[in-house]
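>>> For reference, the sequence and a predicted model appear below.
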Amino acid sequence: MAWSESVDTLLANKDGLAAFRTFLKSEFSEENIDFWMACEDFKKTKSSAKIASKAQKMYSEFIQADAPREINIDFTTRDHISQNISEPTLKCFDDAQRLIYSLMAKDSFPRFLRSEVYKELINKQQNGNQKRWLPFL
């Protein structure tokens with residue numbers, strides 16, 4: 001139930017994240033959560049060699065035109081990343097991550113809260129709570 005408070009609450013919870021990813025997969029847009037998670041991991045990278053290799057992998061998977069899991073970002077953001085990918089920094093995907101986060105928060109998250117996936121989880125949770133308090137059920 002707490003997941004409905006905000007997309008941040010949902011993303012901070014392992015089970016919430018898994019449920020949201022399942023929902024996005026059903027909508028053929030799981031690349032958004034995968035990109036967001038890749039960005040979170042990327043920002044924790046310490047080694048400059050790993051920064052370069054991870055950045056290139058993320059770029060070829062999510063950013064470049066016709067990438068296998070291309071995310072929906074504007075031309076200016078995509079172009080800016082393309083121009084700077086040869087010397088990436090830990091902040092090189094921040095604008096794209098913000099755009100994808102906003103898309104998920106404003107578009108996907110409200111649909112998730114109305115989805116059968118979420119409703120089933122709520123029902124399971126409520127039934128589990130009833131059984132805990134009423135063991136004779």
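That came through fine. Numbering: from 1, shown residues only.
>>> where does the residue most central in space within the chain land on pLDDT?
Centroid-nearest residue in the chain, with C-alpha atoms, centre = their mean: Ile33, separated by 2.1 Å. What the model reports for Ile33 is a pLDDT of 97.
>>> which other residues reach the helix or strand that contains it?
Taking DSSP states H and E as the definition, Ile33 sits inside helix 30-42. Here helix 30-42 makes contact (C-beta atoms under 8 Å, 6 or more residues apart in numbering) with 11, 17, 20-21, 24, 51, 54-55, 58, 61-62, 69-72, 90, 93-94, 96-97, 100-101, 103-104, 108. C-beta here means a position set from N, CA and C on the backbone, and glycine is covered the same way.
>>> Only the buried subset of those, as a ChimeraX command please.
Remark: buried members of the contacts of helix 30-42, expressed as a ChimeraX selection using 16 or more other C-beta atoms under 10 Å:
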select :11,17,20,24,51,54,55,58,61,62,71,90,93,96,97,100,101,103,104,108
